[in-house]
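Q: task: produce atomic coordinates for the following.
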Amino acid sequence: VEGSDFNRLIDTLSKSRQVERAQEVFDKMKKRRFEPDIKSYTILLEGWGQEQNFLRLNEVYREMKDEGFDPDVVTYAILINAHCKAKKYDEAIELFREMEAKNIKATPHIFCILINGLGSEKRLSEALEFFELNKASGFVPEAPTYNALVGSYCWSMGMQDRFRVVDEMRKCGIGPNART
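A: The predicted model follows:
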């Protein structure tokens, strides 16, 4: 049996809201000479993040690093998303800064997670900073990013700005769409 088979098993368990069972299988397999890869760890990180179990999330993250795996952009996206879903925005921003310090380039998805999360907490200026950082990183904002920005203005009652962003979306030829 190959590592990819174990990853599929723990991924299926994790996505079926059986993260504890996925962790048990992972731990048993490690004792039987299964060598996890970074994907194995990110599967568990995502599962514990969905459960908002930060004790277990941090344990797996520490173990992953102790085993010699450096977090990659996927790992950071999972961690940032978990922290935003739990409204731990300062920690999410800290993870973003850590990622940048390691010269790991953020994806549009990561920017979108932060814009959406910060905007939903009426932290509009920070959401706008990440929107501008997204553009400065060379990414052309996509519909989900603009939708997150429009949502940020709505939560902060910036109605005129919201309409300005929708107009900008139209000029870029990317919307608005049903989610806007």
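Q: for the residue sitting furthest away from the middle of the chain, give me phi and psi.
A: Distance from the C-alpha centroid of the chain peaks at residue 32, with 31.5 Å (C-alpha atoms, centre = their mean). Dihedral angles phi and psi of residue 32 (degrees, to the nearest 10) take the values phi -100, psi 30.
Q: do the same with residue 53
A: phi -100, psi 90.
Q: which element is residue 154 on?
A: helix 143-155 (DSSP states H and E).
Q: what packs against that helix?
A: helix 108-120, helix 124-136, helix 159-172 (3 or more C-beta pairs under 8 Å, 6 or more residues apart in numbering; DSSP states H and E). Placement of C-beta: from N, CA and C, glycine included.
Q: ok and it relative to helix 124-136, angle-wise?
A: 160 degrees (axes from the mean of the first three to the mean of the last three C-alpha atoms, to 10 degrees).
Q: so which elements touch the helix or strand residue 100 falls within?
A: Secondary structure from DSSP H and E places residue 100 in helix 89-101. Counting contacts by 3+ C-beta pairs under 8 Å, 6+ apart, helix 89-101 packs against helix 73-85, helix 108-120.
Q: remind me what the first one packs against, helices and strands.
A: If I follow you right, that is helix 73-85. For helix 73-85, the packing partners by 3+ C-beta pairs under 8 Å, 6+ apart are helix 38-50, helix 54-66, helix 89-101, helix 108-120.
Q: circling back: render the CA-only coordinates of the helix holding residue 154 in CSV, please.
A: Provided in CSV are the C-alpha atoms of helix 143-155 (Å, rounded to 0.1, in the frame of the first residue of the first chain):
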residue,chain,number,x,y,z
ALA,A,143,-14.4,38.0,-9.2
PRO,A,144,-14.1,36.3,-5.7
THR,A,145,-11.6,38.9,-4.6
TYR,A,146,-13.8,41.8,-5.8
ASN,A,147,-16.8,40.1,-4.2
ALA,A,148,-14.9,39.9,-0.9
LEU,A,149,-14.0,43.7,-1.3
VAL,A,150,-17.7,44.6,-2.0
GLY,A,151,-18.7,42.5,1.1
SER,A,152,-16.2,44.4,3.1
TYR,A,153,-17.7,47.7,2.1
CYS,A,154,-21.2,46.5,2.8
TRP,A,155,-20.2,45.3,6.3
